[in-house]
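**Student:** Need coordinates for the following:
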Amino acid sequence: MTDFSPGAASAPHAPRVFTLSDFDFSLPPELIAQHPAPERSASRLLDGRAMQPVDRIFRELPGLLREGDLLIFNDTRVVKARIFGEKASGGKLELLIERVLPAESGNPGNEVVAHMKVSKKPLPGSVVHMAGGRKAGGFDAQLLGRWPTEDGPLFRFALHAPAGESPWELMDRHGHLPLPPYIERQQNTDHDPQSAKDEAEDSQRYQTVFARNPGAVAAPTAALHFDEGVLAELAARGIERASVTLHVGAGTFQPCKTENLAEHQMHSEWYEVPLATLAALERCRQRGGRVVAVGTTTVRTLESWARTGQATGDTNIFITPGFGFQVVDVLITNFHLPKSTLMMLVSAFAGYAHVMGLYRHAIAQQYRFFSYGDAMLLERVSG
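**Tutor:** Down below sits the predicted model:
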């Protein structure tokens, strides 16, 4: 029976030392899904719980779980965080707003931190004009410096709008959905009918049906396969549902670049485990049920809480083979990029050799990969 007590770690897995090259594989580019399946639950599901994989359809999932299991989702909502603008000199730039900073002393609630794509970075104090700037119905942004430190990877801006709109309102009005870099889309929706069609599709399908708390720049993609029919059948089978929030950052798409995994600096993301979910976890433990995490973001949230005892905060947890899982028993996840930290997480969860074998099977059977791709079902290997 799972012990959910913070700090109650299980024994580590295999003692082998892994390097970055261990998580590389060759993926035919045509298997990178550019559009979602016609129906959410019509995507494929690779059942990888046993030694031999089984090819299924995602809507079969409720029948693969048990009465008394607890299914936990990430209820974050993707925001239109990608905004185009220009410097005072006229040079083009792009902001990807990673986080809206809470209102506090010295910050009236209009400050954000963002990735900035520009040929030459402006100096602190400079004002850039976003979506045409205030004079053209957009807004201005003043660069305050780097974040979270003076040489940090992100940039801190104060946003100034004509009507004093909040950063959330400005993103909703002027922003674009920040699709992953491997999904190819046209940017000019005003003149390209196909681009407008793509944007309408993405606005609906690159969002889970239960997305509630805005703040992510990427979707918790394993949850994209769930629709109302699957959720209703899960409830009918006595499978409880609960949620956590982890606002997925752009760092989720950044590959690990150091061969020595210990040298990799993991990105930080904000999470919360609500009191209702903590109570659901305790009920699950009492009845001997299993915790089924929908997506790697849910795993990172639950295991961060288990290790620290903190139900809310920032996490940069880095899960690699040898990690002692404390909460999650079953994982539903999409197929991940080569050399990514998410490949390392699923390998830690279900066993490196087993996961690599599943990926070889998925490629041979032409499963669709990454955010709009298919899913797989995994069980945690015993310590």
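**Student:** Tell me the helix or strand right after the host helix or strand of Ala232.
**Tutor:** In the assignment (DSSP states H and E), Ala232 maps to helix 228-236. The helix or strand immediately downstream of helix 228-236 is strand 240-246, counting by DSSP H and E.
**Student:** Now find how far off-centre the helix or strand following that next one is within its chain.
**Tutor:** Sequence-wise, the next helix or strand downstream of strand 240-246 (DSSP H and E) is strand 269-272. Between the mean C-alpha location of strand 269-272 and the chain-wide mean there is a distance of 11 Å, by Cα atoms, centre = their mean, to the nearest Å.
**Student:** Paired strands for strand 269-272, with orientation please.
**Tutor:** strand 240-246 (antiparallel), strand 312-315 (antiparallel) (DSSP bridges).
**Student:** Report the angle between the helix holding Ala232 and strand 240-246.
**Tutor:** Per axes from the mean of the first three to the mean of the last three Cα atoms, to 10 degrees, the angle that helix 228-236 makes with strand 240-246 is 120 degrees.
**Student:** Show the contacting residues for Phe210.
**Tutor:** Applying Cβ atoms under 8 Å, 6 or more residues apart in numbering to Phe210 gives the contacts 73, 75, 223, 226, 231, 243. Bear in mind the C-beta positions are built from the backbone N, C-alpha and C, glycine included.
**Student:** Tell me the buried residues in the helix or strand hosting Arg307?
**Tutor:** Element membership for Arg307 (DSSP H and E) is helix 296-308. Neighbour counts using 16 or more other Cβ atoms under 10 Å place 296-307 of helix 296-308 among the buried residues.
**Student:** same question, stretch 69-88
**Tutor:** If you call a residue buried by 16+ other Cβ under 10 Å, then stretch 69-88 has these buried ones: 69-87.
**Student:** Now do the same for the residue nearest to Thr312 when sequence neighbours are not counted: its pLDDT.
**Tutor:** Leaving aside its sequence neighbours, Thr312 sits nearest to Glu272 (Cβ to Cβ, 6 or more residues apart in numbering; 4.3 Å). According to the prediction, Glu272 has pLDDT 98.
**Student:** Ser340 versus Glu272, what's the distance?
**Tutor:** 24 Å (Cβ to Cβ, to the nearest Å).
**Student:** continuing past the helix or strand containing Leu96, what's the next helix or strand?
**Tutor:** Using DSSP H and E, the element containing Leu96 is strand 92-100. Sequence-wise, the next helix or strand downstream of strand 92-100 (DSSP H and E) is strand 111-118.
**Student:** Now the element after that following strand, going C-ward?
**Tutor:** strand 127-130.
**Student:** and the nearest residue to Met130 once chain neighbours are set aside, what is it in contact with?
**Tutor:** Distance criterion Cβ to Cβ, 6+ apart; nearest residue to Met130, sequence neighbours excluded, is Gly85 at 3.7 Å. Residues near Gly85 by Cβ under 8 Å, 6+ apart: 92-95, 128-133, 138, 141.
**Student:** Mind checking which of those residues are buried?
**Tutor:** In the contacts of Gly85, burial by neighbour count holds for 93-95, 128-131, 133, 138, 141, counting by 16+ other Cβ under 10 Å.
**Student:** And the average pLDDT for the one helix or strand Val292 maps to is what?
**Tutor:** Using DSSP H and E, Val292 sits within strand 291-294. The predicted model assigns strand 291-294 a mean pLDDT of 98.
**Student:** Can you list the neighbours in contact with it?
**Tutor:** Residues outside strand 291-294 that contact it (Cβ under 8 Å, 6+ apart) are 2, 65, 69-74, 220, 222-223, 226, 239, 281, 284, 299, 302, 327-332.
**Student:** In helices only, show me these.
**Tutor:** Per DSSP state H, helices hold the following members of those: 281, 284, 299, 302.
**Student:** Point out where this structure drops to low pLDDT.
**Tutor:** Under the criterion pLDDT under 70, the flagged ranges of the chain are 1-15, 186-198, 383.
**Student:** Output the strands paired with strand 269-272 as CSV; include the columns mean neighbour count and distance to Ser43.
**Tutor:** Below are those laid out as CSV (neighbours: other Cβ atoms under 10 Å; distance: least, Cβ to Cβ, whole Å):
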stretch, mean neighbour count, distance to Ser43
strand 240-246, 23, 20
strand 312-315, 14, 28
